[in-house]
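Engineer: Provided below are the primary sequence and the corresponding predicted coordinates.
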Amino acid sequence: MHKKHIRGTVDGVGILSYIVMTLFAVLCFFPFYYIFIVSISDPDKVREGAMILYPQGFSLEAYEVTLTHARFYSSLKVSVIRTLVGTALGVVFSSALAYAVSRPYLRGRKWLTLFLIFTMLFNGGMIPTYLVVRYTGLIDTIWALIIPNMINTFNVIVLINFFRAVPAELEESAKMDGANDIIIFIRLMIPVAMPSIATITLFIAVYHWNALTDGILYINTSTKKPLQVYLNDIVVAGQTQDMFQDASARWMPTMSLKTATIFASTLPILIVYPFLQKYFVKGVMVGSVKG
Amino acid sequence: MVKQGKKYWHKLGVDLLRDRWLYALILPGFIWFLIYRYLPMAGLSLAFREYDMKGGLFGGEFVGLKYFQYIFFEHRNFWQLVWNTLIINIYKLIFYFPIPILFAMFLNEILSERYKRVLQTIIYLPHFVSWVVFGSIIITFLNPTEGIVNQIIQLFGGEPIFFLSDPKYFRGIVVISDIWKEAGYGTIIYLAAITGIDPTLYEAGRIDGASRWQSMRYITLPCISETIVVMLLLDIGRIMNVGFEQIYVLANSAVYSTGDVISTYVYRLGIGSGRFSLTTAIGLFQSVIGFVMILSCNAISRKVADKGLW
């Protein structure tokens, strides 16, 4: 309001801002629009190869083929399980760790913070990590997608900052009543920090849904691969035709199958996005105050 | 002295006992960090040993600097991989880095709060889809026959271009797709900095007859310069790391000459061919350079922006 009052005039800079940002927004929205309209267009029209800028006919046949494909189904299951379990474990262990480390009177707090931050500056890299995953017996199990990246140090640091901002009186009065730290953490601190925990939860869930690297590193059996690896095999590695060899798919243009698979696997993100958006700006900002 | 020491240990014992439940909360996470973050660091010692199945992570015969000698002096394209990694990041610094800053300043000039929020919602969206999805879309767009980019080229009478199998286009595609996917989300940090600017500065500027362009140039930009410097140093600190997933999704063997980076090579040779010691040596080289870079940038940041990167 205040700003509008001061700089209300329309001029070159204002017009330029509107044009550039509107164009960029259109550019950002276009891929999702395009993938969607191609996926619901009539496969015969898609096969003709004409440029599609709006839906050509209407057909859900591409979805019928892709969604009933056995490997899509198994990948979807893997992705859903890893996202649910991985997010639950990640949130619990990250916030427990963050809460304890955030207590200013805790002995060794500085060392523990350094212990955490050091992992953001230096790491063992792909191969030693792979070997650790292998020697801990996780290769080719769903746990390989859950445990090795269960905790993200950045998220822990963000949570530490949140917990640090909670007034000390809350905790002190609970201690007077004889509650121990775990009870205080569960009954008192989690509800107080709920907005930030919700933010972190969504971030971890999006990470799990989108993760590709652990799937290609740690999973060998095709039925155990997550959705992103399946999508990579289909679209990127160009195995669309090999994968859909059944008769029903043979007449289907690969473009329809690809776009339908892409859109179906992006849909969960598009659904949680409004909730995500409500929280994440706050989350990112608090993290950046003192990361 | 002795008495004081005793006191210290006594106090420590009391404190540890008092906070035992807090340590209990830390324990699972602590063990996880030890196994999945610190154990791999110890595993880097594999770069100096000959990996064998039986010995595992810490076995194998000591071979000293054999693998480093090999990658530095004998390996056919190690320096090409380093160069590809560096040049892609340098291009990103030149072409990607200024864009979120510019976009944040543009967004700040959009006076309708509602329209601004709509724009933000849309431009943040690509950040939240995976590189597989976004890369798939790029690959679909650039397809020589059915891709929309080539359809447009043909519409204007041009010949279809094989974008993704031509090494000369690859780095450009990486940088442009990065801008497309991440530049919108990248504005958040600068918008936060802009929000913190004292509005009376703009008022004073207006009284002095500053145009909107001038207040953008002489008020907004200087006020967010500290954030810009910090972000720049963070990016420079990460100059040896290119996002693995982006390259993995977009690259194919036809463009390895310009597009194969350290991480994708380590993946193919390490996981694909089981050359664990060699690829660990390459990984150690990358990690050490990265560590030195980020520490140096932090030191510079402390000096220039008067605050560290973390």
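Structural biologist: Thanks, I have it.
Engineer: name the nearest residue to the most centrally placed residue in chain A, sequence neighbours excluded.
Structural biologist: The residue lying closest to the centre of chain A (Cα atoms, centre = their mean) is residue A:206, at 1.5 Å. Leaving aside its sequence neighbours, residue A:206 sits nearest to residue B:128 (Cβ to Cβ, 6 or more residues apart in numbering or on different chains; 5.8 Å). In this view, the C-beta of every residue, glycine as well, is placed from N, C-alpha and C.
Engineer: burial measure for that neighbour, as a count.
Structural biologist: Other residues within reach of residue B:128, judged by other Cβ atoms under 10 Å in any protein chain shown, total 22.
Engineer: residue A:276 is in contact with that one, correct?
Structural biologist: Yes - the pair residue B:128 / residue A:276 is scored as a contact, 6.7 Å apart, by Cβ atoms under 8 Å.
Engineer: now do the shared contacts for those two.
Structural biologist: residue A:206 (Cβ atoms under 8 Å, 6 or more residues apart in numbering or on different chains).
Engineer: quick check: residue A:167 vs chain B, distance?
Structural biologist: Using Cβ to the nearest Cβ, to the nearest Å, one obtains 18 Å as the distance from residue A:167 to chain B.
Engineer: give me the phi and psi angles of that residue.
Structural biologist: Dihedral angles of residue A:167 (phi, psi; degrees, to the nearest 10) stand at phi -60, psi 140.
Engineer: tell me the pLDDT of the residue nearest to residue A:206.
Structural biologist: What the model reports for residue B:128 is a pLDDT of 92.
Engineer: how about residue A:98?
Structural biologist: As predicted, residue A:98 sits at a pLDDT of 96.
Engineer: count the residues that sit near it.
Structural biologist: By the criterion of other Cβ under 10 Å, residue A:98 has 29 neighbours.
Engineer: equivalent analysis for residue B:202, please.
Structural biologist: A total of 20 residues lie near residue B:202 under the criterion other Cβ under 10 Å.
Engineer: what of residue B:255?
Structural biologist: For residue B:255, the neighbour count with other Cβ under 10 Å is 22.
Engineer: quick check, it in contact with residue B:163.
Structural biologist: No - contact criterion Cβ under 8 Å: residue B:255 and residue B:163 do not qualify, at 9.7 Å.
Engineer: what sits against whichever residue of chain A sits closest to chain B?
Structural biologist: In chain A, the residue that lies nearest chain B is residue A:124 (2.5 Å; Cβ to the nearest Cβ). With contact taken as Cβ under 8 Å, 6+ apart, residue A:124 is in contact with A:132, B:37, B:38, B:39, B:40, B:41, B:42, B:43, B:44, B:283, B:287.
Engineer: quick one, longest helix in chain A?
Structural biologist: Counting by DSSP state H, the longest helix found in chain A is helix A:254-289.
Engineer: and the closest residue in space to residue B:26 that isn't next to it in sequence, helix, strand or coil?
Structural biologist: Nearest residue to residue B:26, sequence neighbours excluded (Cβ to Cβ, 6+ apart): residue A:100, at 4.6 Å. Judged by DSSP: H, G, I helix; E, B strand; the rest coil, the three-state class of residue A:100 is helix.
Engineer: okay, now residue A:100: neighbour count?
Structural biologist: Neighbours of residue A:100 under the rule other Cβ under 10 Å: 26.
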